[in-house]
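[1] Below are the sequence and a predicted model for it; my questions follow.
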Amino acid sequence: MNEFRADLHIHSRYSRATSKKLTSALLAAWARVKGLHVLGTGDITHGAWRKELQDTLIFDEASGLYRLADTRAADAALPEYVEKTEDAASPFFMLQGEISSIYKRAGAVRKVHNLVYLPNFEAAEKLSCKLAQAGNLESDGRPILGLDSRNLLEIVLETDPRAFLIPAHIWTPWFSLFGSKSGFDDIRECFDDLSQEIFALETGLSSDPAMNRLLTALDGYALVSNSDAHSGENLGREANLFSGRISYDGIHRSLKGLPSDTAFDGTLEFYPEEGKYHLDGHRKCNVVLNPPETRSLGGICPVCGKPLTVGVLSRVRELADRREPVYTRVADGKGFSSLIPLAEIIAEIFSCGAKTQKVYAAHASAVKKFGSELDVLQSVPVADIARFMPPLGEGIARMRKGQVIREGGYDGEYGVIRLFSEKEKRAFRYGGPGSFLAGIPDNMPAPTMPAVMPAPAKPGAAPQKERYRLNDAQTKAVRAGPWPVLVLAGPGTGKTRTLVERTARLLAEGVNPRHILAVTFTRRAAKEMHERLASMLGNDSQEFVPRSDTLHALAFEVWQRVHGVPPTLLNEESAGRVFAEANITVPTAAVREAWESLSLIREKQETPQGDLARMRVAYARRKTAWNLADYTDLLEFWLQRIQTGLFTPPWTEILADEIQDFSTLQLSLVRALLPKDGKGFFGIGDPDQSIYAFRGACADARAFLQSAWPTMESMPLWENYRSRQDILHTASTLLGRKSACGPLVAAYRRLSEDAEGIPHIHLFEAPTAEAEIAWIAARVSALVGGGSLTLRDKVRKTDLFLPEAGTHSPGDIAVLVRMRVLAPALQKALARAGIPVAAPETDGFWADERAARILREAGRMLGICDSREEDKLPISDAVLAQGPESIAAHFDRTECFDALFRSSSAFKALTRAYKEHGGWQEVINWVSLQTELELVKSKSERVQIMSLHAAKGLEFRSVFLPALEDGILPYAGSAALTCRTKNDPPNPDEERRLMYVGLTRARENLFLSFAGSRKIFGRETRLRPSRFLADLPTDTVRRSALLVGKKRAETHLPLF
């Protein structure tokens, strides 16, 4: 049978830290030099690389693989080798890519690299379209996605029945299936119910089959080896051996162990000691250790006192359950070969670097003389090589016998495999006498197999989650009543848990679940509450789980029940447009001001006067004529039904969440749903987080309720289960220690007991907004740890003062901004750095202008008029009524609605929403009910960029608060920032509370920053640092600045 070699894991020039000369032609040329018959394409999910491959490769029907369309391009790519390689067959290409997944599973951050293989470009396009929804595929040929490996496998399998996935370099400490830093102990832990779809594992450069076959857990899996090459020169340093017909399906089936006309015969290996992570150690401390030494030190570096980087040999010993390897596959029985790259052997003979011109020329001569590099290393007779270059012949002979000198690699430092003594190398240089064997023992020891040893506790493993029991203050709140109760709950004090336990107590006392209502501020919170209750009760049936919902959703149901048909629900923007249409004679500026005033007056239950009263009547008539309703209409209607006796509340117990954000109208509605004495009311909230006055939130909900129910009891929760004590201290200081809930105390001392002097709150002063964004991007990249070992090495060389570097998943990080206009530049910078990022408040399909135009037109058909005549679409209602696809077909050849738009994610999402919800009215209602908070949960494995308002109720390990400048926070209003004369800035006390909300979102780290200049609304502005920064404590905040001069350097400064 014909034998062939395949290197099925490489990278293109679009991956980081790769040769920028790489093209398909150059890869084909190097593959011929190396003696490879099949080559992975690398980076198949990168759009530009995929397009280049489509332009330069042709499909080979016989093999199901691809070939270079023009073989002359390969000849021209490496002219030094052309005499030998011009007659060699062009290698086949197999579509392949690598995905870096960083995510959380079972409470721990996981960083796993996986290889994906696809049979054709159609499948590659399909997969890329799916993965693009999870992150940026264009910033790196090996993209970083916040996607669970199990979910990635599912997507690959759904893409094409012949597509498959192989976990990459499974032992690398970072970024691998079994990695000691962020991997798993078992394949099933990683791939869960799809584990049976994994049939092959890539073992990486730092291990070989003899080590891997010490694990019974790997029995039955094909163990493959590839180069993971970032340059043409490194192709084939590890490779796979096959025999039979070269084909995609043959390779696939042989790896799966299925009958095939192709057989998998084993691997060509590095000496594992040469890999970068074979032994344990700390490179920067110049400490290298073998496994017993590491164990004796408890895994701690004897120089710096930090955890060591545990290498592959130790990790294999930790998981191994055999003393001797057992080869369970046919390919294993045929053995494997350990090789040294030819250039490295020649470089050792010449005592120079492997990339020097001298070595390059000798390498080319050897290849032209004997054939490919792998032929020289494996099969060319030693005598023939010795006649060509005597030391090379001797070196090849020693390598084939395993007579090598080994210095193991560690902590990212490649190991060294040598064939000659220093005395021999001097003889090569100076022509001295002596045998080539002088200085080397006659019987070189074989590689030592790792002994099995008891598995210690896994370094960095997630701590066992503590059982959460109510503290004394929570217990008091849960048991209070039956009089009305108001709980003042500070951030992170277990507010939701207290609500759930209060509900459980009511149910235990025999209260009918249908008589209990939990009122939340958002539908996201309502869903979370329902899930928590269902989990606690062990039953998600509505019959047994009390109702959780928003007042607006409940009122909508009442409206629909009374009127028989639901109204078209207006969001804030649409309501403002209808108001303007109803008052068409009023100047634009005046109608905008009137709308804002009316909205607040209605939420405060005040009566409009004069012109405003007349404008309200016109607005109401327009809504009635077209069956429209805004959010306030729903509440007013429901309250009126209760007050006139037309609606009898079925609930005896009402639990209200986030009570500080309720408007007077909402509080009146809650009050109307209960008896006059307030019996059955249980409210919970934090006055220090009252940030919605601009939407009509009551200035003092506590006082409002106390005036209605004098017997209401108030009680605080102050024990914080979220943040470090220094973060709580900083946030409390911002409020001037006047917290309504009392001083917050960290519940777990472990959150505040770190090595002395390590800062967790950083304040950075940048000269420009661009410099500030670069600072943020660098620290986010460091926290996530990047997607490659090269990037990790760069982080180590940069003093970022981040002890948690490399320990975060993307979803652990948030960037919170006061103004949404700041988000796009931050999102672009993080995406360019290859970090999975989302700005949920702008990611809805309705944010796309073309989709928004379609929605506006549908709204016009339903009676939501738009005064912008120039924006109306020339389309009939008959076409519009048939849905998005009919509209797109109607505008098939227009500039705005061409094929590109029809293939966009926005249009696809709009089409899905139309089909799922059943029509335009339902879609518009659904979009209207989506608040900015409710778009976050589904994107939890990306760095979140969102407004401070949207972040309320959420928490993250690390939080960035940029643009802390007077005018932005506290916000001075758009008029002041654009230098218009009129200015009505928000309440400065509320702005202070908004910053407090931002600070208390952080569990472990805070990164605060401001810039000397930035462009806002098209204008260059120079704002002073936020006045709130002067109130921060000097003992917990580490301040630094970027000084502009001949060199840019971050300098550490006193706070103020």
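    Happy to help now that I have it.
[2] all contacts plus neighbour counts: C-alpha atoms, from now on.
    Noted.
[3] can you tell me how far P1025 sits from Y996?
    P1025 sits 17 Å away from Y996, going by Cα to Cα, to the nearest Å.
[4] Touching, E273 and G409? I think so.
    Yes. Counting by Cα atoms under 8 Å, G409 is a contact partner of E273 at 5.9 Å.
[5] Mutual contacts of the two, please.
    279, 415-416 (Cα atoms under 8 Å, 6 or more residues apart in numbering).
[6] In the stretch 351-500 of the chain, what residue spans correspond to strands?
    Assigned by DSSP state E, counting those that start in this stretch, the stretch 351-500 of the chain shows strands spanning 405-407, 416-418, 485-489.
[7] Give me the below-cutoff pLDDT ranges for the stretch 951-1056 of the chain.
    974-986, 1043-1056 (pLDDT under 70).
[8] Repeat the analysis, applying 80 as the threshold.
    973-986, 1017-1018, 1042-1056 (pLDDT under 80).
[9] Pick the most deeply packed of the strands of the stretch 351-500 of the chain.
    Comparing the strands of the stretch 351-500 of the chain by mean neighbour count (mean count of other Cα atoms under 10 Å), strand 485-489 comes out on top with a mean of 26.
[10] Need the residues that contact that one.
    Contacts for strand 485-489 (Cα under 8 Å, 6+ apart): 477, 495, 681-687, 702, 712-718, 740-741.
[11] From those residues, which land in strands?
    Per DSSP state E, strands hold the following members of these: 681-685, 713-717.
[12] what ranges do the helices span in the stretch 801-950 of the chain?
    When secondary structure is read from DSSP state H, counting those that start in this stretch, the stretch 801-950 of the chain shows helices at 823-832, 849-861, 877-880, 884-890, 899-902, 905-917, 920-929, 948-951.
[13] what's the angle between the second one and helix 920-929?
    This points to helix 849-861. Compare the direction of helix 849-861 with that of helix 920-929 by axes from the mean of the first three to the mean of the last three Cα atoms, to 10 degrees and you get 120 degrees.
[14] which secondary structure elements does helix 849-861 contact?
    If contacts are counted by 3 or more Cα pairs under 8 Å, 6 or more residues apart in numbering; DSSP states H and E, helix 849-861 sits against helix 905-917, helix 920-929.
[15] mean pLDDT for the ones you listed: which is lowest?
    Among the helices and strands packed on helix 849-861, helix 920-929 carries the lowest mean pLDDT, a mean of 76.
[16] Which strands or helices does it pack on?
    Looks like helix 920-929 contacts strand 568-570, helix 849-861, helix 905-917 (3+ Cα pairs under 8 Å, 6+ apart).
[17] Direction included, what does the first one pair against?
    So that's strand 568-570. strand 628-630 (parallel) (DSSP bridges).
[18] avg pLDDT for the strand it pairs with?
    For strand 628-630, the mean pLDDT works out to 89.
[19] Show me this structure divided up by domain.
    3-333, 341-403+420-430, 472-567+627-717, 745-842+937-1053, 845-929 (automatic domain parsing).
[20] just for the stretch 251-400 of the chain, where's the confidence low?
    The stretch 251-400 of the chain contains residues with pLDDT under 80 at 328-336.
[21] Now for the protein, the helix or strand with the poorest mean pLDDT.
    Across the helices and strands of the chain, mean confidence by mean pLDDT, DSSP states H and E is lowest for helix 789-796: a mean of 47.
[22] rewinding a little: just put the helices and strands packed on helix 920-929 in JSON lines and tack on distance to A613 and mean neighbour count.
    Compiled in JSON lines, the helices and strands packed on helix 920-929 are given as follows (distance: least, Cα to Cα, whole Å; neighbours: other Cα atoms under 10 Å):
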{"stretch": "strand 568-570", "distance to A613": "20", "mean neighbour count": "24"}
{"stretch": "helix 849-861", "distance to A613": "26", "mean neighbour count": "18"}
{"stretch": "helix 905-917", "distance to A613": "37", "mean neighbour count": "17"}
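[23] Just put these in a markdown table and tack on distance to E636.
    Below are the helices and strands packed on helix 920-929 laid out as a markdown table (distance: least, Cα to Cα, whole Å):
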| stretch | distance to E636 |
| --- | --- |
| strand 568-570 | 14 |
| helix 849-861 | 23 |
| helix 905-917 | 27 |
